[in-house]
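**Student:** okay, here's the prediction I keep looking at, along with the sequence it came from:
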Amino acid sequence: MWWNIGLVANGVVAVAYMLIVLAIMRPLVAGRQLRSNLLGTATAAIFFTCAVHHGGHVVHMMLPSAGVETAQGLALRASYDWEAAFWDVVTAAVGVYYWTLRRGYAGVPKGGATLFDDLRQREKEGLELNDSVLQGMVVARMALDVGQKETAVAALDASIASASAMISELLGAGSARGDQVLLRSEPATVVDHE
């Protein structure tokens, strides 16, 4: 009896995991990032090997019904107890739950090649943000040094607006999810020299 539950659960796991592989690989292939986005490729490989492994359990448990590899298939069936069946059902539930989340999750890119941003991309975005803010602050400081208060204020306003726009773009639709809002871990430190 337990092997029947394991058979169905392993089938669900194999299908769910193979669909995850396709969901990861499609944007990587479309964006020609298989070799440049190693995290995405490795994640797809992990899910692929798991899908094959669980699919293999299904095949081996079904083979005795066709009179093929009877000894091995019956041994696998006999090895199933409630614990093995339970964990296969939990694994299947997690795979199905992933798909229920993915369908409605705003933070998952829709067909883009940025399913797994590489560290270099994050560093580039951070440097652009830092450079934008720093340039505005330098212009403001230089303007203050020569007594051009309006120019300094305009440079600071432009820098703030640019940084705000870049941060909003980086966070995108994932900046607030339900009741959870992304906030700083600590408030910004402001130094008053007066």
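**Tutor:** Now that the structure is in, tell me what you want to look at. Numbers count the residues shown, from 1 in each chain.

**Student:** helices and strands of the chain: which one bottoms out on pLDDT?
**Tutor:** Least confident helix or strand of the chain, by mean pLDDT, DSSP states H and E, is strand 176-177 with a mean of 48.

**Student:** got the buried residues for the helix or strand that contains Val89?
**Tutor:** Taking DSSP states H and E as the criterion, Val89 maps to helix 82-104. Neighbour-count burial for helix 82-104 flags Ala84, Ala85, Asp88, Val89, Thr91, Ala92, Gly95, Tyr98 (criterion: 16 or more other C-beta atoms under 10 Å). The way it works is simple: take the backbone N, C-alpha and C, and place the C-beta from them, glycine included.

**Student:** hmm, which of those is lowest in pLDDT?
**Tutor:** Across these, the bottom pLDDT score, 88, is held by Tyr98.

**Student:** who's in contact with that one?
**Tutor:** Neighbouring residues of Tyr98 by C-beta atoms under 8 Å, 6 or more residues apart in numbering: Ala16, Ile20.

**Student:** relative to Phe47, how far out is it?
**Tutor:** Going from Tyr98 to Phe47 by C-beta to C-beta, to the nearest Å gives 10 Å.

**Student:** Gly126 too?
**Tutor:** Taking C-beta to C-beta, one finds Gly126 at 29 Å from Phe47.

**Student:** of these two, who's got more company?
**Tutor:** Phe47 (22 against 12; other C-beta atoms under 10 Å).

**Student:** isn't the more buried one up against Tyr17?
**Tutor:** Yes - counting by C-beta atoms under 8 Å, Phe47 sits close enough to Tyr17 to count as a contact (4.8 Å).

**Student:** on that earlier part again, shared neighbours of Tyr98 and Phe47, which are they?
**Tutor:** Ile20.

**Student:** could you pull out the helices for the protein?
**Tutor:** For the chain, the helices defined by DSSP state H occupy 2-30, 38-62, 70-79, 82-104, 119-145, 149-171.

**Student:** how far off centre is the first one?
**Tutor:** Taking C-alpha atoms, centre = their mean, to the nearest Å, one finds helix 2-30 lying 17 Å from the centre of the chain it belongs to.

**Student:** before we move on, what about the fourth one?
**Tutor:** Computed by C-alpha atoms, centre = their mean, the chain-centroid distance of helix 82-104 equals 18 Å.

**Student:** one more: the third one?
**Tutor:** Offset of helix 70-79 from its chain centre (C-alpha atoms, centre = their mean): 38 Å.

**Student:** touching it from outside, list them.
**Tutor:** Outside of helix 70-79, the residues within contact range by C-beta under 8 Å, 6+ apart are Trp3, His57, His60, Met61, Met62, Leu63, Pro64.
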